[in-house]
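1. fold the following, please.
(2 chains)
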Amino acid sequence: MSTTLVLPGDSISLPSSFKSVVLGPGLAPSSSRLPAPSSDEVPSIISTKLGLMSSAKGKERSEQFWVEGRSKRYIPAQKDMVLGTIIARHAEGYRVDLGSSQMAQLDGLAFEGATKRSKPNLKVGTLVYSRVALANRDMEPEIECIDPNTGKAEGFGELKGGLVVSCSLQLCRHLLNPKFIVLPTLAATIPFEIAVGLNGRVWFKTETVSESIALKRVIEGVDSGDIKPDKGAVDRAVKEYLA
Amino acid sequence: MASAGPSRRRSDGRKPHEIRPLTIEIGELDRADGSGRFGFGATSALASCSGPLEVRLNQELPTRATLEISHRPLEGVGATASRALITTLESIYPSALRLSLYPRSLIQIIVQSLSSSSAPTLSTGRYNESPEIYIDTEPETTEKNVWPQPPTQSALAVDKKEKSPNTSYNFSSRAVSINSATLAILDAGSIAMTHLPIAISIASLSDDDGLVVDPSIEEEYNSIARFGFAWSFGKNVSLREDQNQKDSNMDVDEEEDEEMELIWVESEGKFDKEKFSDALELSKIACRQILSEIRAKLGETLECKRLQ
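-> Numbers count the residues shown, from 1 in each chain, chains lettered A, B, ... in the order given. Okay, here's the model as predicted:
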């Protein structure tokens, strides 16, 4: 992982040795408002947000590039796993708040084993863990609580009890990475159940209130930079908060 | 270049082309998606940026995001001066942001001025280095709530220099507003931005004297001409080819560097074309310097908040 800081408008030079290059968030071809002098010219790539340039190996010798930045506002993208709160119900389904600019639609049939006769009955205010089925900038996003491949719930659905904390989108992405040390370290001390939404929300459930509070403080501490995401620092923080 | 050599010192000990120490902070506000504080010395502003948010139906645009920019003055309510500043910001940011990526949503930028808008009252011409001078500067004799405001009867206003009217912010306040809004958008990170606007103010102290970059409030008040420039930095931002026919007054702007483009100019007072071109050149150097300071500072901030 390289550590170059990029600002919007910075020109990004991509290595030419890769078969194909996948541009991730924060990168875009520069939209020169002039007609290109020579049309065969490759458009230059610019960064569109503040962050650190990152890259990873993708499929079939391709290389993925993106700008790793900090943001709090979620913009829905297909296949993201998100945590939403039901804010209204209507005949066909529910309207769910994901923290994005528009409410998401959750169909009443998008649950495991749901039929026209037996639909789950969720109250307003319920927390659901779901998957973004359709995300289009001109339409309301649609979410579902089943895995479309298997038709099973696969952990999606209503979340009962527990506590939700908000954090940056960057931390949520990292929490889903098995190599990110924070959750394995926490799990060594506190037994808990967790659901990480890519929309900047983390739900967890522990046996006691004090464990919940400790977990919340660790996650918020890592998010604000007060706790370094390494084993020693997290361990120390948990011990302190549990004491 | 200007007649005064760079060795001459200003009243606060700076060289003519030296900017005041910069304040650059991001992420100070917890509830906003992004926030930025920018200051030239004691003149500073705090901006927040949120979005894309849910938009009210009557403001909804089907093809692009609604950009809502508000300004809060340090004292009183936003009036003509605030409105003028908002118009400036509204002319700068729609081109810098890719609003078409977020149709039917709202992007909200709020700029809070942290320095006073009115001109300083100085019984003598002497410069006072304490920042308190910028606060509570309304003279007792001024009749309030009268428009247009009667001219302030300070010792400085007696001489026949053209003064900036009370209905507008001084140029360094406008420059910090632009720069803080840029920082806030950077910190929010959820809105694609193609280039980076950075502003600076420049003043001309007298006819034979040179130009000073980033004038203090007092310098600006005593100046004969004031300029505000904003440059936008980014790859392919420049419109080199149609620059000349676009505006014949701007032919000083034949710029070989395609990485920056002039996006805001305001000037007032007495100056000739030569002085304007000098100011333009100075602003370019100053904005580049600010950009590199922003880059260094944000690099540091991001590095210490890094997760891996």
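2. give the contact list for the closest residue to chain B within chain A.
-> Closest approach between chain A and chain B, counting by Cβ to the nearest Cβ: residue A:9, at 2.3 Å. All C-beta atoms are positioned from the backbone trio N, CA, C, and that covers glycine. Residue A:9 makes contacts with A:46, A:47, B:193, B:194, B:195, B:196, B:232, B:233, B:234, B:235, B:237, as judged by Cβ atoms under 8 Å, 6 or more residues apart in numbering or on different chains.
3. the same query, at a cut-off of 6 Å, please.
-> By Cβ atoms under 6 Å, 6 or more residues apart in numbering or on different chains, the contact set of residue A:9 is A:46, B:195, B:196, B:233, B:234, B:235.
4. what's the closest non-adjacent residue to it?
-> residue B:234 (2.3 Å; Cβ to Cβ, 6 or more residues apart in numbering or on different chains).
5. I'd say the one you found and residue B:195 touch.
-> Yes: look at residue B:234 against residue B:195 with Cβ atoms under 6 Å: they come within range, at 2.9 Å.
6. ranges for the helices of the stretch 151-300 of chain B?
-> B:171-188, B:217-221, B:243-246, B:273-304 (DSSP state H, counting those that start in this stretch).
7. residue B:227 is nearest to which of those helices?
-> Closest approach to residue B:227 among the helices of the stretch 151-300 of chain B is made by helix B:273-304 (4.6 Å; Cβ to Cβ).
8. average model confidence for the closest one?
-> For helix B:273-304, mean pLDDT rounds to 92.
9. next one: it to chain centre, how far?
-> 12 Å (Cα atoms, centre = their mean, to the nearest Å).
10. what count of nearby residues applies to the residue in the stretch 151-300 of chain B positioned nearest to chain A?
-> Residue of the stretch 151-300 of chain B nearest chain A, by Cβ to the nearest Cβ: residue B:234 (2.3 Å). By other Cβ atoms under 10 Å in any protein chain shown, the residues close to residue B:234 number 25.
11. would you indicate which residues of stretch B:289-308 are buried?
-> B:289, B:290, B:291, B:294, B:295, B:297, B:298, B:299, B:301, B:302, B:305, B:307 (16 or more other Cβ atoms under 10 Å in any protein chain shown).
12. can you list these in JSON lines and add distance to residue B:58?
-> Formatted as JSON lines, the buried residues of stretch B:289-308 follow (distance: Cβ to Cβ, whole Å):
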{"residue": "B:289", "distance to residue B:58": "43"}
{"residue": "B:290", "distance to residue B:58": "38"}
{"residue": "B:291", "distance to residue B:58": "38"}
{"residue": "B:294", "distance to residue B:58": "37"}
{"residue": "B:295", "distance to residue B:58": "40"}
{"residue": "B:297", "distance to residue B:58": "40"}
{"residue": "B:298", "distance to residue B:58": "37"}
{"residue": "B:299", "distance to residue B:58": "42"}
{"residue": "B:301", "distance to residue B:58": "38"}
{"residue": "B:302", "distance to residue B:58": "39"}
{"residue": "B:305", "distance to residue B:58": "39"}
{"residue": "B:307", "distance to residue B:58": "41"}
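13. report the two of the residues you listed separated the most.
-> Farthest pair in these, by Cβ to Cβ: B:289 and B:307, 31.0 Å.
14. quick one, phi psi at the residue nearest the centre of chain A?
-> Centroid-nearest residue in chain A: residue A:198, 1.6 Å away (criterion: Cα atoms, centre = their mean). Per-residue torsions, residue A:198: phi -80, psi 0 (degrees, to the nearest 10).
15. and the nearest residue to residue A:96 once chain neighbours are set aside, how many neighbours?
-> The shortest distance from residue A:96 to any non-neighbouring residue, by Cβ to Cβ, 6+ apart, is to residue A:84 (3.8 Å). When neighbours are counted by other Cβ under 10 Å, residue A:84 registers 26.
16. what's the helix or strand containing residue A:84 packed up against?
-> Using DSSP states H and E, the element containing residue A:84 is strand A:81-89. In terms of contacts (3 or more Cβ pairs under 6 Å, 6 or more residues apart in numbering or on different chains; DSSP states H and E), strand A:81-89 is packed against strand A:93-97, strand A:127-134.
17. could I get those as a markdown table with mean pLDDT and mean neighbour count?
-> Below are the helices and strands packed on strand A:81-89 laid out as a markdown table (pLDDT from 0 to 100; neighbours: other Cβ atoms under 10 Å in any protein chain shown):
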| stretch | mean pLDDT | mean neighbour count |
| --- | --- | --- |
| strand A:93-97 | 95 | 21 |
| strand A:127-134 | 96 | 21 |
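18. would you turn the ones you listed into a markdown table with distance to residue B:37?
-> Listed next are the helices and strands packed on strand A:81-89 as a markdown table, based on distance: least, Cβ to Cβ, whole Å:
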| stretch | distance to residue B:37 |
| --- | --- |
| strand A:93-97 | 30 |
| strand A:127-134 | 35 |
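19. residue A:241 - that's part of a helix, no?
-> Yes: Residue A:241: assigned to a helix according to DSSP: H, G, I helix; E, B strand; the rest coil.
20. how close does the residue of the stretch 151-300 of chain B closest to chain A get to residue B:177?
-> Between residue B:234 and residue B:177 the computed distance is 20 Å (Cβ to Cβ, to the nearest Å).
21. any idea how chain A splits into domains?
-> A:5-68, A:81-159, A:163-242 (automatic domain parsing).
22. comparing these by mean pLDDT, which bottoms out?
-> Looking at these, the weakest mean confidence is domain A:5-68, a mean of 78.
23. endpoints of that domain, how far apart?
-> 9 Å (Cα to Cα, to the nearest Å).
24. try stretch B:216-225
-> Stretch B:216-225: ends 14 Å apart by Cα to Cα.
25. for stretch B:94-104, same thing?
-> 15 Å.
26. report the buried residues of it.
-> B:95, B:96, B:97, B:98, B:99, B:101, B:102, B:103, B:104.
27. please name the nearest non-neighbouring residue to residue B:214.
-> residue B:19 (4.1 Å).
28. contacts only, for the one you found.
-> Neighbours of residue B:19 in contact, by Cβ under 6 Å, 6+ apart: B:213, B:214, B:286.
29. which stretch of helix or strand covers it?
-> Secondary structure (DSSP H and E) places residue B:19 outside all helices and strands.
30. picking up where we left off before, who does the residue nearest to residue A:96 form a beta bridge with?
-> residue A:128 (DSSP bridges).
31. about what we covered before: list the contacts for the residue of the stretch 151-300 of chain B closest to chain A?
-> A:9, B:194, B:195.
32. wait, residue A:223 touches residue A:167, no?
-> Yes: using Cβ under 6 Å, residue A:223 makes contact with residue A:167 at a distance of 4.2 Å.
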